[in-house]
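Undergrad: Can you look at this prediction? I've put the sequence above it.
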Amino acid sequence: MTLLDPTTTRPVAAQRPRASLAVAMLGFAVVTLDTQVVNVALPDIARDLGGRLSALQWIVTGYTLMFSALLLFAGTLSDRIGARRTYGIGMLIFVVASMVCGFAPGLGGLIAARVVQGVGAALVTPTSLALIRAAYHDSKARARAIAYWAMGGSIAAAAGPVLGGALTQLDWRLIFFLNLPVGLVAGLVLRGTADSPRNVVPFDWTGQIAAVLALGALTYGIIEGAGVIPFVVAFLAGAIFLIAQARGRHPMVPLDLFRSRTVSVALAVGFLNMAGFYGVVFLQSLYFQQSRGASPFVTGLLFLPMTGLVALLSPVAARTAARFGPAVPIVGGQLLMAAGLAGLVLLPADAPLLLVAAVMVPVGVGGSFTVPPTTALILDSVPHHRAGTAGGVFNTFRQMGGSLGVAAFGAVVASQATFRSGLQISLTVTAILVLLTAGVSLVLRITGRETLSVPLSGEAP
């Protein structure tokens, strides 16, 4: 079976960059699709299986939490055994877990299967970027390929709410079975891809365990409001992780990476972009259906202006960066996102649903202009054989933002007297933080036309 034996390949002449790009786009698309379809289905899942707001948060964050916690491990595994093999293993795990989600008899089983799904997604995402890096050696061609990779996720994000709403009208379990055909196609195309370089090093088990514990404890503390103990555990585990990275001979995250202001600020941009986007999608899905009485399908249609334009404009970001430098799409995208968040705060409670949908558009469009050039900057900042690790670090920060964004938005809503007041507070804080990163990007001049190169310990630039 292709997913189990991805090392079986065609002759080198038959390995084309387009096959690698197709596999990368499919992988990123399917993990993105899964997040979007689940958000629209949450009210129906709650009616069928029960559960409070915190339980609905875990359906989303159980996936994104493990996704973000294992991305660093996945990057190291990709560098060690090759991106193609790691991708195949991850896709197999993802598809099997999706089937378990579809047949889950209760909320606990569904959340557990979502966690396993996150494991598969963690293996697929950084390896998709590593496959692109292996297939495209020219930086401009690679930047274009990354834009199309991002577009694959954008198309999934655009189709996800509508498709999820339509399937939820029939049965919410169908949204998980949707992953099976996509996974099978990706497995078949995987045979024609070129593998990434391999770098055999020991795994950083101490760092990995500490990372999972830190993120898990932090998310639990935010969602459940269980006092100070989870935050203390998260702090201690985070400290252990940093010590392991600083002193270990083979850390998951080479700390030299953060000596570049470009890399550091780009990671912050990715984090806040996902926190705002995932938080908005999570709460607006509940708002449309529970507060305004929209059906799942209508809810999906209300997301379409935002997600549809994201899909259309992702390639434009690469062309804009090539012509004007990455500062224009990165900073401009953040300003657009902040404007959209502020607009949602200022809308009256009885605003027409179509107006709400229109004001959500800048939130998504801002992300579509920000992510592709930021991703290209990250990959161009590291040596070739560290592509898997660099992709893992960047996507870890993005998925951490998504996971903690959903956790924080939901926690704020739960702590307020009304849903609307909690939503407004969450959106206001996020808008302010996005504006701060836009300002830092300009002041530090970290997004100029030339790509910076950051040598890692013991390596030449």
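TA: Cool, got the structure. Being a predicted model, the structure only gives us computed values, none of them experimental.
Undergrad: From Ala376, how far off is the closest residue to Lys140 other than its chain neighbours?
TA: In this structure, Lys140 finds its nearest non-sequential neighbour in Ala322, 6.8 Å apart by C-beta to C-beta, 6 or more residues apart in numbering. C-beta coordinates here come from the backbone N, C-alpha and C atoms, glycine included. Per C-beta to C-beta, to the nearest Å, Ala322 is found 10 Å from Ala376.
Undergrad: Arg144 too?
TA: Look at Arg144 and Ala376: by C-beta to C-beta, they are 9 Å apart.
Undergrad: next one: Ala29
TA: Ala29 is 19 Å from Ala376, by C-beta to C-beta.
Undergrad: higher neighbour count, these two?
TA: Ala376 (26 against 23; other C-beta atoms under 10 Å).
Undergrad: can I assume that one is in contact with Arg142?
TA: Yes: at 7.2 Å, Ala376 and Arg142 qualify as touching, with contact defined as C-beta atoms under 8 Å.
Undergrad: Find the nearest non-adjacent residue to Val100, please.
TA: Val100 sits nearest to Ala113 (C-beta to C-beta, 6+ apart), 4.1 Å away.
Undergrad: so what secondary structure elements neighbour the helix or strand where that neighbour lies?
TA: Element membership for Ala113 (DSSP states H and E) is helix 107-135. Applying 3 or more C-beta pairs under 8 Å, 6 or more residues apart in numbering; DSSP states H and E, we find helix 107-135 packed against helix 17-49, helix 53-81, helix 83-102, helix 139-170, helix 353-380, helix 387-415.
Undergrad: quick one, the longest one and helix 83-102 angle?
TA: Counting by axes from the mean of the first three to the mean of the last three C-alpha atoms, to 10 degrees, helix 17-49 lies at 20 degrees to helix 83-102.
Undergrad: next one: helix 17-49 to chain centre, how far?
TA: Relative to the centre of its chain, helix 17-49 is centred 11 Å away, using C-alpha atoms, centre = their mean, to the nearest Å.
Undergrad: counting contacts, what elements does it pack onto?
TA: Using 3+ C-beta pairs under 8 Å, 6+ apart as the contact test, the elements touching helix 17-49 are helix 53-81, helix 83-102, helix 107-135, helix 139-170, helix 174-177, helix 179-189, helix 261-286, helix 296-324.
Undergrad: Pull out the buried positions in that helix.
TA: 17, 19-46, 49 (16 or more other C-beta atoms under 10 Å).
Undergrad: hmm, back to that, is it correct that the residue nearest to Lys140 is in contact with Ala141?
TA: No: Ala322 lies out of contact with Ala141 (C-beta under 8 Å); the separation is 11.1 Å.
Undergrad: Could you pull up the contacting residues of the residue nearest the centre of the chain?
TA: With distances taken as C-alpha atoms, centre = their mean, the chain has Gln399 as the residue nearest its mean C-alpha position (4.3 Å). Under the criterion of C-beta atoms under 8 Å, 6 or more residues apart in numbering, the contact list for Gln399 reads Thr64, Phe67, Ser68, Leu71, Met274.
Undergrad: again, but for Val233
TA: When contacts are counted by C-beta under 8 Å, 6+ apart, Val233 touches Leu213, Ala214, Ala217.
Undergrad: the inter-axis angle of the strand or helix carrying it versus helix 53-81?
TA: Per DSSP H and E: Val233 is located in helix 229-247. Calculated by the same axes, to 10 degrees, helix 229-247 forms an angle of 10 degrees with helix 53-81.
Undergrad: just to revisit the earlier point, mutual contacts of Arg144 and Ala376, please.
TA: Residues touching both Arg144 and Ala376 by C-beta under 8 Å, 6+ apart: Ala318.
Undergrad: Check the offset of stretch 277-290 from the chain's centre.
TA: Distance, centroid of stretch 277-290 to centroid of chain: 17 Å (C-alpha atoms, centre = their mean).
Undergrad: Let me see the confidence value for the residue lying closest to Trp149 once chain neighbours are set aside.
TA: The shortest distance from Trp149 to any non-neighbouring residue, by C-beta to C-beta, 6+ apart, is to Ala24 (5.1 Å). Among the per-residue scores, Ala24 shows a pLDDT of 86.
Undergrad: Could I get the contacting residues of Ala24?
TA: Contact partners of Ala24, counting by C-beta under 8 Å, 6+ apart, are Ser128, Leu129, Leu131, Ile132, Ala145, Trp149, Gly152.
Undergrad: try it again with 10 Å
TA: Ala24 makes contact with 83, 87, 124-125, 127-133, 135, 145-146, 148-149, 152, 186, 193 under the criterion C-beta atoms under 10 Å, 6 or more residues apart in numbering.
Undergrad: now Ser291
TA: By C-beta under 10 Å, 6+ apart, the neighbours of Ser291 are Leu283, Gln284, Ala349, Thr418, Phe419, Arg420, Leu423.
Undergrad: Can you give me the pLDDT of it?
TA: Taking Ser291 on its own, its pLDDT is 85.
Undergrad: Ala166: neighbour count?
TA: Residues within reach of Ala166, counting by other C-beta under 10 Å, total 17.
Undergrad: Quick check, Leu107 in contact with Leu49.
TA: Yes: applying C-beta atoms under 10 Å, one finds Leu107 in contact with Leu49, separated by 4.4 Å.
Undergrad: Give the intersection of the neighbour lists for the two.
TA: Ala55, Ile59.
Undergrad: Now do the domain split for the chain, please.
TA: According to automatic domain parsing, the chain is divided into the following domains: 13-195+250-443, 204-249.
Undergrad: among those, which gets the worst mean confidence?
TA: Confidence, taken as mean pLDDT, is least for domain 13-195+250-443 of the domains of the chain (a mean of 84).
Undergrad: can you give me how far that one is from the chain middle?
TA: With C-alpha atoms, centre = their mean as the basis, domain 13-195+250-443 stands 3 Å off its chain's centre.
Undergrad: Can you name the residues that contact Val37?
TA: By C-beta under 10 Å, 6+ apart, the contact list for Val37 reads 156, 159-168, 172, 174-176, 178-179, 296, 300.
Undergrad: Swap in 8 Å and give it another go.
TA: Contact partners of Val37, counting by C-beta under 8 Å, 6+ apart, are Gly160, Pro161, Leu163, Gly164, Leu167, Thr168, Ile175, Leu178.
Undergrad: likewise Ala438?
TA: Taking C-beta under 8 Å, 6+ apart, one finds Val331, Gln334, Leu335, Ala338 in contact with Ala438.
Undergrad: ok, back up a step: identify the farthest-apart pair in the contacts of Ser291.
TA: Gln284 and Thr418 (15.6 Å; C-beta to C-beta).
Undergrad: Tell me which of these two has more neighbours.
TA: Taking neighbours as other C-beta under 10 Å, Gln284 and Thr418 compare with Gln284 leading, 23 against 11.
Undergrad: Now that one: closest residue in space, sequence neighbours ignored.
TA: Setting aside the residues directly before and after it, Gln284 is nearest to Met360 in space (C-beta to C-beta, 6+ apart), at 6.8 Å.
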